[in-house]
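S.K.: Sharing a sequence plus its predicted fold:
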Amino acid sequence: ADAVVAVDERDRIVDVNDAAADLFDVSPVALLGRLLGNELPALAATIPGPGERAHTETRLERNGAVRYYDVRVTPLYRAYGAVSGHLVSLRDVTERRQREQRITVLNRLLRHDIRNEMNVVRGNADLLADHTNGGGRERIDRILTTVDTVVERSNKIGAVSEALDAEDARPLY
């Protein structure tokens, strides 16, 4: 199911499987000898220097639809270790990426709602504190401390989520 494209040392297409041919909207035979950069510039941009490997994610648009791919680029060698091109494999990760985006949105909404609800609790506790003396005041202080702790944890979760999102945006190697 993975799309596979083989390019020579000048990034000319030398072979594609059927899944990859679907990305180009051209027959596999018609692609042979064409520059990858002319056919799919975003994919060509993932190819590193001669003999280097790459693992990244890229976005390809076709017929108005956007798909995301996990791209692995592996060098191809001739006899005596000479680099003859690269093998580029693409795995469609669009659904996974959409799922991750939905989880990120739900995470933000949940943290937002928690902070709002905790602000309501804090406001009511502050109002109640104005009318409470003695042992009741200790309980209100405990409520306020708990509210602050929950809000602080929500903020920490947000910071960790943002750091993970930023890390996911970097090339894998």
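M.R.: Thanks, I have the structure now.
S.K.: Could you pull out the helices in this structure for me?
M.R.: Taking DSSP state H as the test, the helices found in the chain are 18-24, 28-31, 36-39, 41-44, 94-129, 135-168.
S.K.: quick one: low-confidence parts of this protein?
M.R.: Within the chain, the segments meeting pLDDT under 70 span 168-173.
S.K.: thought R78 was touching S84?
M.R.: Yes - between R78 and S84 a contact is recorded at 4.5 Å, counting by Cβ atoms under 8 Å. For the C-beta atoms, the positions are set from N, CA and C on the backbone; glycine is no exception.
S.K.: Which one of these two is surrounded by more residues?
M.R.: A side-by-side neighbour count of R78 and S84, using other Cβ atoms under 10 Å, places S84 first with 15 against 10.
S.K.: what sits against the more buried one?
M.R.: Residues near S84 by Cβ atoms under 8 Å, 6 or more residues apart in numbering: D8, E9, L76, Y77, R78.
S.K.: what do you get for L90?
M.R.: Going by Cβ under 8 Å, 6+ apart, L90 touches D2, A3, V4, V5, A20, L23, L43, T58, Y69, D70, V71.
S.K.: Kindly indicate the member of the residues you listed with the most neighbours.
M.R.: Per-residue neighbour counts (other Cβ under 10 Å) across those peak at V5, which has 28 neighbours.
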